[in-house]
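*Asks:* coordinates only, sequence not included:
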């Protein structure tokens, strides 16, 4: 497997210890973020997110189907992620990797738990017909922090999505024809962000080489200080004080990223 | 609020369900254990350290901890399809991460320690019961460890924090609804695993960790007692 060399690892840790990073960023500084929406003519909504050299695209598709038995009057949400072999020499074709499964599930939970999509408004006929929203995430270039890029992409793509026409009589979605209705979304926008621990330093938005040597990470989806979902990944433990610092960093980054998203979407 | 709060099964807000812990439930295994929070029953079996196969999965520098989490099809009301799912894949990995900080297998290069967790019966908190059972099974197998780990789900029902959620509480419908926070702590009180689903502010989240520490003491006691019981027999 291709991975960051021990020598580079030592040097990265040494730099972080001095509060520095290879690309000149501060430990709590994100790379340049750009968001484009409407990048696909076929999708109901779509977005391309770039965080430095990392790039993901997210597409929204919708279709009418049966609801789940435990939510008969609510639409369905399905999040999937595919790590494309084209996006990195280290990604190989084959069944979904653990990383792609976890990424999809973490993004899913942030959107679901914050009730960002008003699924109750996506019911056509209770117990029979509801809209399913598919959020499909693809990696285009992996230079670290796919998680945060994907989360931002999912939100941006959902914001841009329009509901397709639905033929009540035939009972079929008219693909390629759209109503002027947006997907019903709440004002609470869940931003899913990750803090990594390398050595004794906490950082945000790692590059690939930084992420390779990350010892632990915490991803939190929050909006305005309220936390909706969290996932700690990787194998090192965190003390209560470190956890406290993680929460501080997430709070600060959330404010920053929200501004960047608003600016980008204008 | 705290005093008036009624849990569906009548427990106090920081009261765990009855813990059952037993070591040596799978004779074939190098170590095994059962851990139950009330009706949630998990068993874990450890095989290894043994040579890692396939060879390309071997780590020449240190040993590998490999966990698998599986629910029996009839462990829940509505049958689940047997075999791996996205959920079980994630929980398997989460379990590995929860245990890695305490498991000392650096000195077993190219070898693997397999931990197989099965949920026999589920009434919420299955991953926590599984992790608790796994920690005991690893100790039973004689794998060097810094400490055991203790895992518990702290919940927030509407605005009230409670310890050790049951299914009925996981589906809480009143007020702000349910928040589920499974937390695993090492012997020195560090967080080796935390997840969260729901809605919570920062202050309460930090309180939740304190509740997990408190519950951890009782879980640890039960684990240790079961391990000692089997030690005396041998």
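*Replies:* Yep, it's here. If you're wondering where the values come from, they're calculated on a predicted model, not measured in any experiment.
*Asks:* number of residues surrounding residue B:55?
*Replies:* 8 (other C-beta atoms under 10 Å in any protein chain shown). From N, CA and C alone the C-beta is placed, and that goes for glycine too.
*Asks:* gap between the most centrally placed residue in chain A and residue B:224?
*Replies:* In chain A, the centroid-proximal residue (C-alpha atoms, centre = their mean) is residue A:151; its distance is 1.7 Å. Using C-beta to C-beta, to the nearest Å, residue A:151 is found at 41 Å from residue B:224.
*Asks:* and residue B:37, by the same measure?
*Replies:* 17 Å.
*Asks:* the more surrounded of the two?
*Replies:* Ranked by neighbour count (other C-beta under 10 Å), residue B:37 and residue B:224 place residue B:37 first, with 27 against 14.
*Asks:* quick check: residues of chain B near chain A?
*Replies:* Proximity of chain B to chain A (C-beta under 8 Å from any C-beta of the partner chain) is limited to residues B:86-87, B:89-90, B:93, B:96-97, B:100-101, B:181, B:186, B:189-202, B:205-206, B:209.
*Asks:* if we use 6 Å, what do you get?
*Replies:* Contacts of chain B with chain A, taken as C-beta under 6 Å from any C-beta of the partner chain, map to B:86, B:89-90, B:93, B:97, B:100-101, B:186, B:190-200, B:202.
*Asks:* got the buried residues for the longest helix along chain B?
*Replies:* What stands out as the longest helix in chain B, according to DSSP state H, is helix B:202-233. Counting neighbours by 16 or more other C-beta atoms under 10 Å in any protein chain shown, one finds that the buried residues in helix B:202-233 are B:202, B:204-205, B:208-209, B:211-213, B:215-216, B:218-220, B:222-223, B:226-227, B:230.
*Asks:* likewise stretch B:193-201?
*Replies:* B:193-200.
*Asks:* same thing with stretch B:19-37?
*Replies:* For stretch B:19-37, using 16+ other C-beta under 10 Å, the buried residues are B:19, B:21-26, B:29-37.
*Asks:* and for stretch A:117-128?
*Replies:* Applying 16+ other C-beta under 10 Å to stretch A:117-128 flags A:117, A:119, A:122-123 as buried.
*Asks:* is it positioned near chain B?
*Replies:* No. Against chain B, stretch A:117-128 shows no contacts by C-beta under 6 Å from any C-beta, the least distance being 13.6 Å.
*Asks:* residues in contact with that stretch?
*Replies:* Stretch A:117-128 is contacted by residues A:72-75, A:130-131, A:184 when judged by C-beta atoms under 6 Å, 6 or more residues apart in numbering or on different chains.
*Asks:* thinking again about what came up before, which secondary structure elements does the longest helix of chain B contact?
*Replies:* strand B:19-23, helix B:126-140, strand B:149-157, strand B:160-163, strand B:178-186 (3 or more C-beta pairs under 6 Å, 6 or more residues apart in numbering or on different chains; DSSP states H and E).
*Asks:* around chain B, pick out the residues from the stretch 151-266 of chain A.
*Replies:* Counting by C-beta under 6 Å from any C-beta, the residues of the stretch 151-266 of chain A near chain B are A:226-232, A:234-235, A:237-239, A:243, A:247.
*Asks:* which one of the buried residues of stretch A:117-128 is nearest residue A:109?
*Replies:* residue A:117 (12.8 Å; C-beta to C-beta).
*Asks:* for that closest one, grab phi and psi.
*Replies:* Main-chain dihedrals, residue A:117, degrees, to the nearest 10: phi -90, psi 130.
*Asks:* distance check, it against residue B:142.
*Replies:* 50 Å.
*Asks:* repeat for residue B:133
*Replies:* 16 Å.
*Asks:* same check, this time on residue B:22
*Replies:* Residue B:22 is 18 Å from residue B:142, by C-beta to C-beta.
*Asks:* and residue A:102, by the same measure?
*Replies:* On the measure of C-beta to C-beta, residue A:102 and residue B:142 end up 31 Å apart.
*Asks:* tell me which of the two has more neighbours.
*Replies:* residue A:102 (20 against 11).
*Asks:* need phi/psi at the more buried one.
*Replies:* phi -60, psi -40.
*Asks:* what sits against it?
*Replies:* Counted by C-beta under 6 Å, 6+ apart, residue A:102 has contacts residue B:90.
*Asks:* mind running it again at 7 Å?
*Replies:* B:90, B:93 (C-beta atoms under 7 Å, 6 or more residues apart in numbering or on different chains).
*Asks:* check contacts around residue 114.
*Replies:* Just going to use chain A. A:188, A:190, A:221, A:223, A:228.
*Asks:* let me rephrase: I mean chain B.
*Replies:* Here residue B:114 is in contact with B:46-48, B:66 (C-beta under 7 Å, 6+ apart).
*Asks:* next one: residue A:212 from residue A:206, what distance?
*Replies:* For residue A:212 relative to residue A:206 (C-beta to C-beta), the value is 8 Å.
*Asks:* all helices of chain A, in order?
*Replies:* A:6-17, A:98-113, A:146-160, A:208-212, A:240-265.
*Asks:* got TSV for these, with mean pLDDT too?
*Replies:* Formatted as TSV, those follow (pLDDT from 0 to 100):
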stretch	mean pLDDT
helix A:6-17	92
helix A:98-113	96
helix A:146-160	96
helix A:208-212	95
helix A:240-265	91
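*Asks:* among those, which is the most enclosed?
*Replies:* helix A:146-160 (a mean of 26; mean count of other C-beta atoms under 10 Å in any protein chain shown).
*Asks:* and that one, what does it pack onto?
*Replies:* strand A:33-37, strand A:45-51, strand A:54-65, helix A:98-113, strand A:129-141, strand A:191-198, helix A:240-265 (3 or more C-beta pairs under 7 Å, 6 or more residues apart in numbering or on different chains; DSSP states H and E).
*Asks:* closest one to residue A:166 among the ones you listed?
*Replies:* Using C-beta to C-beta, the helices and strands packed on helix A:146-160 put strand A:54-65 closest to residue A:166, at 5.9 Å.
*Asks:* the closest one: which residues count as buried?
*Replies:* Those would be A:54-62, A:64, for strand A:54-65 by 16+ other C-beta under 10 Å.
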